[in-house]
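# Provide a 3D model corresponding to the input given below.
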Amino acid sequence: MKALKLITRTKFFKEKEKKMKRFEYDNIAPIQTTAGLVKGYCFDGIHTFKGIPYAYADRFQLPVEPKKYEGVFEATSYGRVCPLMMQDNPTGELMVPHMYWPTNEHCQSLNIWSKDVTAKKPVMVWIHGGGYFAGSSIEQLAYDGANMAQDGDVVVVSLNHRLNILGFLDLEPFGKKYKNSANAGLADIVAALKWIKANIAAFGGDPDNVTLFGQSGGGMKISALMQIPEAEGLFHKAIMMSGIAGTFMPPCSNGDGTMIVTAMLEKLNIPVEEVEKLETVPYEDLVKAYMASVPEVASQGGYVGNNPRIDDYFLGEAHMTHFTKQALNTPVMIGSVFGEFTGFAPKPYNKNEMSEEEMITIISQAFGDKTKEIVEKFKVAYPERKIIDVLSIDTLFRPLKKAFIQAKAEHEESPVYSYVFSLDFPVHHGQTAWHCSDIPFFFNNVDKVPSAHIEGVSERLQSQMFGAFMAFAHTGNPNHEGIPTWEASKPNDEVTMIFSDECRVAHNFDNQLLADLKEVLPELTLEMMMAQMSDIQH
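Sure, this is the predicted structure:
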């Protein structure tokens, strides 16, 4: 028996040895950047660099080039993330697993994953979500770029930038040194893109083939970057996931920061002529003064910041104003998920055990005498779904996305591709896709999100979605042999790829449904959205 145990254990360790991933550090040569040498490590064939500074900025001021490195910069630890105005307890990890990290206002750093630092591969630059006020480049476990670099033949970059009042508060009326502080967070991203253009070739990337991709607030930032003249030529394709500005979270256009900053100074007992003291006030005190000042200023219709400000730096969203040359010439892939914010909360019923009559009873409580008409149109739009799912359908980002697609399709300079991620998950009796649930599939990181594992579905769907991302990054066209033919949208013809357990393409498939829902549902506000997702750290 002892001999048998020994043999079994020996066999086990041999099998483990076969699966062991190789790690290299000592023999990895540093890479020359414009600021000096940086040294990362190689794990499982992927060269990894973490926390590389791409810029430096003092509070409320524009970013400048990073300080030169003395010796070799050790790029083996993630950089600090931007401080947040509100801290929540970690919850919702079953649906969106997170990583929590120390904060610092000097957060301008980026991370790189590359399979071959001597190659010339397409570059994928991840812009994280969290609106303009939260999040980080490593906030979610699914943000890791190693699997994408390994299987997608691309170089992956993620970055941190300033958020909330650190990145979006207008102090320009109080001095030239604060020029464009209202858009400092966007200026950080532009600085990162300039760093990438100057340095990414040394990491195996092609500076002339850069695709931005971002989710939620990341999508909003990308649509904003297309409207910033200073960013022109720094990227070539864009993927906007569940995020685009509109009436829901519009850019600021109502005056400057005089009122809000003056109110903050009063709360902090700082004379206006000593406004520079705001640069050294502890962040927590700065936030308290801001939060105490917002209600009064907002009630008078004044600017309160925390969003980009339309000016000569940021020209306003393309579909709400006009398309810049960059916006016209950027191929776009844009999508949303079926449930978005309504998909977070578990439902008080098990739809898999309900009859259609029981579902109608519940649906009628929301839609009244419009129930029959809405249900019929829902069946046409989503024939594969149970009708009770109409109560979970996204009515925020989907209409905003459609408006952008219609506006961009009017121009022939570059294509726009539409998708909807529509999948039920093995939690809460078939939870519909929620905000962020598509991220692990597109990132090739389903292995990092347990609730995303669906036997017989997840592996195939991940291949289809990840393949579309990679095809788009390489060519500007998401088509590949694993999915149905996916055409670009045309004026009045939105061609939508519906990613689900069985992918399909549909034309204007939910126009009538959304029109009817708009008549019976209240318009979703930021406050309502935050309440619906309050149990998710995002």
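# Can you classify W113 as helix, strand or coil?
Classification of W113 by DSSP: H, G, I helix; E, B strand; the rest coil places it in strand.
# check contacts around it.
Neighbour list for W113: 46-49, 144-146, 148-149, 155-156 [criterion: C-beta atoms under 8 Å, 6 or more residues apart in numbering]. To be clear about C-beta, it is placed using only N, CA and C from the backbone, and glycine gets the same treatment.
# Setting the sequence-adjacent residues aside, check what's closest to P426.
Computed as C-beta to C-beta, 6 or more residues apart in numbering, the closest residue to P426 that is not its neighbour in sequence is I454, at 5.8 Å.
# Dead centre of this structure: give me the residue that sits there.
In the chain, the centroid-proximal residue (C-alpha atoms, centre = their mean) is Q215; its distance is 2.2 Å.
# I figured it hits F441, correct?
No: contact criterion C-beta atoms under 8 Å: Q215 and F441 do not qualify, at 11.7 Å.
# mind listing what the residue lying closest to E74 once chain neighbours are set aside touches?
Spatial nearest neighbour of E74, excluding adjacent residues (C-beta to C-beta, 6+ apart): K39 at 6.1 Å. Contact partners of K39, counting by C-beta under 8 Å, 6+ apart, are 28-31, 72-76.
# Next secondary structure after the strand of greatest length in the chain?
Longest strand of the chain, by residue count under DSSP state E: strand 205-215. Remark: after strand 205-215, the chain's next helix or strand is helix 217-225, criterion DSSP states H and E.
# and that following helix, what other elements does it pack with?
If contacts are counted by 3 or more C-beta pairs under 8 Å, 6 or more residues apart in numbering; DSSP states H and E, helix 217-225 sits against strand 121-127, helix 184-199, strand 205-215, strand 237-241.
# quick one, it and strand 121-127 angle?
110 degrees (axes from the mean of the first three to the mean of the last three C-alpha atoms, to 10 degrees).
# Now the phi/psi pair for the closest residue in space to T432 that isn't next to it in sequence, please.
Closest residue in space to T432, ignoring its immediate chain neighbours: G339 at 3.9 Å, by C-beta to C-beta, 6+ apart. When read as degrees, to the nearest 10, the backbone of G339 gives phi -100, psi -30.
# Can you name the residues that contact G339?
G339 neighbours (C-beta under 8 Å, 6+ apart): 392-394, 431-435, 437.
# Okay, it and M95: tell me how far apart.
Computed as C-beta to C-beta, to the nearest Å, the G339 to M95 distance reads 11 Å.
# can you list residues touching both of those two?
431, 434, 437.
# hmm, back to that, which residues does the residue nearest to the centre of the chain form beta bridges with?
Q215 forms beta bridges with M241, as assigned by DSSP bridges.
# Next, the contact list for it, please.
Contacts for Q215 (C-beta under 8 Å, 6+ apart) come out as 128-129, 241-243, 436, 438-439.
# Then T330?
Contact analysis of T330 by C-beta under 8 Å, 6+ apart lists 226, 235-238, 414.
# can you name the two of the contacts of Q215 that are farthest apart?
H128 and D438 (14.7 Å; C-beta to C-beta).
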